[in-house]
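1. Generate coordinates for the sequence data below:
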Amino acid sequence: MKDTGTRKIEIYDTSLRDGLQQPNLDISVPNAVVLLERMGAFGIQFAEIGFAGANQFAESLTRAMGPVDTGAMKLALFGRTRGRDAKVEEWPDVKFILRHKRRVSVATIVVKSRLLDISRSLETTPEENLRMAWETIECLHDNGLEVMIDLEHAMDACCGRRENGLPCDPDLAQRGLAYFFKLTDQCVRQGVSRIVVCDTTGGASPEEVAETFTSLTTQFPQGKFGFHGHTDRGLGIANTRAAILNGAVQAQGTLIGTGERCGNVNLTTVIGAMQLRGEAEFVSAEALTGLTGLAQATYAAFGLEPPHGTPIVGHGAFGTWAGMHGSSERKNPGAYLWTDPARVGANPTIGVNAQSGKANIMMLSESLGVPLDSAQAQTLIDTNQAMIEGGGYTASEVSFRHACMKVLNTMRPWFGVRSWRVFDECDETGSRFALAIMTLSIGDSNVTSTRAEGEGPVDALTKAMRLELDKWYPALAEMRLGTFTVTALDVSAHDSAAYVRVTVSFHADGYAPWITAGVSSDLNQAALMAIVDGFHEWLLKKQLSEEPKEEVSAPKILAN
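-> A predicted model of the protein is given here:
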């Protein structure tokens, strides 16, 4: 590979176009606008906001971006070359792009670069394909737009592959490569801003990418090349790295790796992995500290939970859950980390699960401001086996912090659940009746009963708690429940008696969301544990000025 030193590399994000091409993924226009503002503030150079005229989302987002300040970040619209035998001025993609050229200054045009696709998909000739590209680029240039070209199937064209990644016969492979270079030469002569080599099927290898970029940058020194990778072989990051180390000036992908099939290359991984090792510079060192925050904001904008093991920005990226590792980390901080997490705005994590020991509990408690000594850590282990073994404290540091406070007897005594029961009836027609009856303690001197009906057991329990607690703590009305997830643990060993882990997210205007967890062999109890922790966390956050009607001390019985 070339020894290029630390070069400045552009980031081109296509989360709002290519990234949306997967099932069960959606984003609202307001959330997309906020996300684009964050991208611009972080230092991303280009953001693609849709396929020109392809759907209502692209139309609405393009219009919404009119007054939005994205700083130095340029917006791009994606489109096709004019169609076969069509006039470029009448081509719908071009007309849409020109209509919005005041705000969206970049046009990214996809061009077929593999002979197979030209004849079979476009049903035209290689010569006509060149004319289609030439006329489209000229028209956009004449209207003052910066033009980038995505060479679709570029890696397959360079490597002589056809459908399903099978090799072409030698003659077709040779003709295909010659045509690819002819098309590239035309783009260079036209002054295309960036010529992007696409690994459309995600089937390339780092060695192939390195060879391709070495050849391109040698033959066309005046050209500026980018790379657009996919992760179908699990090599998207490695391929993007190979492209950059061999002359690419731009990395295309999506911030959190969304997209069709296995997804586009994950840009947060590329940025962190390369810049932290001094292999490339995407943003300033100061801006890099916002990488974790940007990733978390992106997951939130799409309504996703960040995968635990996502490199660089995942919750587990700089964590250890092993007892031996936790013990070593206490003595020699950073021994199990490949870089300083602070450089990307993250913190080292000491987790607590079935593999952990007292050292992990002591370190995590200390990092959360509720330090436990060895004896107290053992008490927490002895009294919370299900939560530890079921991953409840891996899922929620909030619930772990509350458990530490209970051991330390520092949890403010707002309320406790002394007992509860649920009547849940359903007949063969689907009619359902759920009633929860609860006894709550408010401090030592107040015991009250409450009941409520709900759509199901958990809903009834939550409503019953709120019905009474809202009288004592009106601020609870400002808090709302978000996502509710249930995970069955070790079902094969325990069948229907298996433990379940419930995680619940909570939201309130002006506050970051928080997640709590509960683990039990009873689903309702696990949910109640998480909900009780969520209520307590909100009361801790608010530090209520309204105290209960009577002086309270620690309740005798808390939810467990």
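
2. ok, residues contacting stretch 399-406?
-> For stretch 399-406, the external contacting residues (Cβ atoms under 8 Å, 6 or more residues apart in numbering) are 352, 364-365, 368-370, 372, 376, 380, 384, 387, 392-393, 411, 516-518, 529-530, 533, 536-537, 558. C-beta: built from backbone N, CA, C; applies to glycine.

3. centre of the chain versus that stretch, how much separation?
-> 28 Å (Cα atoms, centre = their mean, to the nearest Å).

4. Likewise for stretch 225-235?
-> Taking mean C-alpha positions (Cα atoms, centre = their mean), stretch 225-235 and its chain are 18 Å apart.

5. could I have it exported to CSV, CA atoms only?
-> Output in CSV follows, covering the C-alpha atoms of stretch 225-235 (Å, rounded to 0.1, in the frame of the first residue of the first chain):
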residue,chain,number,x,y,z
PHE,A,225,-11.7,9.3,-6.4
GLY,A,226,-14.0,8.1,-3.7
PHE,A,227,-15.1,4.7,-2.5
HIS,A,228,-18.6,3.4,-1.6
GLY,A,229,-18.5,0.1,0.3
HIS,A,230,-21.0,-2.4,1.4
THR,A,231,-20.6,-5.1,4.1
ASP,A,232,-21.9,-8.2,2.5
ARG,A,233,-18.7,-10.1,3.1
GLY,A,234,-17.9,-8.3,6.3
LEU,A,235,-15.1,-6.5,4.6
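
6. Going by neighbour count, list what's buried in that stretch.
-> F225, G226, F227, H228, G229, H230, T231, D232, R233, L235 (16 or more other Cβ atoms under 10 Å).

7. Alpha carbons only: can I get the helix or strand in which V147 is found in PDB?
-> Using DSSP states H and E, V147 sits in strand 146-152. Taking C-alpha atoms only, strand 146-152 is exported to PDB below (Å, rounded to 0.1, in the frame of the first residue of the first chain):
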ATOM      1  CA  GLU A 146     -21.000  20.300  -8.500                       C
ATOM      2  CA  VAL A 147     -21.200  16.800 -10.000                       C
ATOM      3  CA  MET A 148     -20.100  13.500  -8.500                       C
ATOM      4  CA  ILE A 149     -20.400  10.200 -10.300                       C
ATOM      5  CA  ASP A 150     -21.100   6.900  -8.700                       C
ATOM      6  CA  LEU A 151     -19.700   4.200 -10.900                       C
ATOM      7  CA  GLU A 152     -22.100   1.400 -10.100                       C
END
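
8. What segments of the stretch 1-150 of the chain are strands?
-> 7-8, 10-13, 46-51, 74-80, 106-112, 146-152 (DSSP state E, counting those that start in this stretch).

9. Which one of these lies nearest to V68?
-> The minimum distance between V68 and these falls on strand 74-80, with 9.1 Å, by Cβ to Cβ.

10. The closest one pairs with which strands, and in what direction?
-> With DSSP bridges as the test, strand 74-80 is paired with strand 46-51 (parallel), strand 106-112 (parallel).

11. what is the orientation angle of it with strand 146-152?
-> 50 degrees (axes from the mean of the first three to the mean of the last three Cα atoms, to 10 degrees).

12. okay if I get the strands paired with strand 74-80 as CSV plus mean neighbour count?
-> Shown next, in CSV, are the strands paired with strand 74-80 (neighbours: other Cβ atoms under 10 Å):
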stretch, mean neighbour count
strand 46-51, 26
strand 106-112, 25
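
13. Quick one: mean pLDDT for stretch 201-221?
-> In this model, stretch 201-221 has a mean pLDDT of 98.

14. Looking at the strands of the stretch 1-150 of the chain, which is nearest to D185?
-> strand 146-152 (12.2 Å).

15. Return the mean pLDDT over the closest one, rounded to an integer.
-> Strand 146-152 comes out at a mean pLDDT of 98.

16. now do stretch 307-320
-> 81.

17. Check which residues of that stretch are buried.
-> For stretch 307-320, the neighbour count (16+ other Cβ under 10 Å) marks T310, P311, I312, V313, G314, H315, G316, A317, F318, G319, T320 as buried.

18. Then stretch 141-150?
-> Buried, per 16+ other Cβ under 10 Å, within stretch 141-150: H141, L145, E146, V147, M148, I149, D150.

19. How about stretch 213-222?
-> F213, T214, S215, L216, T217, F220.

20. How far off centre is that stretch?
-> The answer for stretch 213-222 is 34 Å, by Cα atoms, centre = their mean.

21. With stretch 440-452 instead?
-> With Cα atoms, centre = their mean, you get 41 Å for stretch 440-452.

22. mind saving the C-alpha coords of it as CSV?
-> Extracted C-alpha coordinates of stretch 440-452, given in CSV (Å, rounded to 0.1, in the frame of the first residue of the first chain):
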residue,chain,number,x,y,z
LEU,A,440,-47.5,1.0,48.2
SER,A,441,-45.5,2.5,51.1
ILE,A,442,-44.7,6.2,51.1
GLY,A,443,-41.9,6.4,53.6
ASP,A,444,-42.3,4.5,56.9
SER,A,445,-45.6,6.0,58.0
ASN,A,446,-47.7,5.9,54.9
VAL,A,447,-49.2,2.7,53.4
THR,A,448,-51.8,3.0,50.7
SER,A,449,-53.7,0.7,48.4
THR,A,450,-54.4,1.4,44.7
ARG,A,451,-56.0,-0.4,41.8
ALA,A,452,-56.4,0.2,38.1
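
23. can you offset everything so residue one is 759?
-> Sounds good: first residue 759 from here, last item stretch 1198-1210.

24. Got phi/psi on the residue lying closest to L1281 once chain neighbours are set aside?
-> Leaving aside its sequence neighbours, L1281 sits nearest to V1258 (Cβ to Cβ, 6 or more residues apart in numbering; 5.3 Å). Dihedral pair for V1258: phi -120, psi 150, per degrees, to the nearest 10.

25. if I pick V1258, what's in contact with it?
-> V1258 touches V1244, T1245, A1246, L1247, V1277, S1278, S1279, L1281, A1284, counting by Cβ under 8 Å, 6+ apart.

26. Taking these, please make a PyMOL selection of just the buried ones.
-> In PyMOL syntax, the buried subset of these is picked out as below (16+ other Cβ under 10 Å):
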select buried, resi 1247+1277+1278+1281+1284
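
27. Next step: the contacts of V1258 restricted to strands.
-> Counting by DSSP state E, these place V1244, T1245, A1246, L1247, V1277, S1278 in strands.

28. ok, so of those residues, who is nearest D1267?
-> Nearest member of the ones in strands among the contacts of V1258 to D1267, counting by Cβ to Cβ, is V1244, at 27.0 Å.

29. hey, what's that closest one bridged with?
-> With DSSP bridges as the criterion, V1244 is bridged to V1260.

30. Does it touch V1262 like I think?
-> No - the criterion here is Cβ atoms under 8 Å, and V1244 misses it with V1262 at 10.0 Å.

31. Helix, strand, or coil at F1264?
-> F1264 falls in the strand class when you classify it by DSSP: H, G, I helix; E, B strand; the rest coil.

32. What degree of burial does T839 show, as a neighbour count?
-> 25 (other Cβ atoms under 10 Å).
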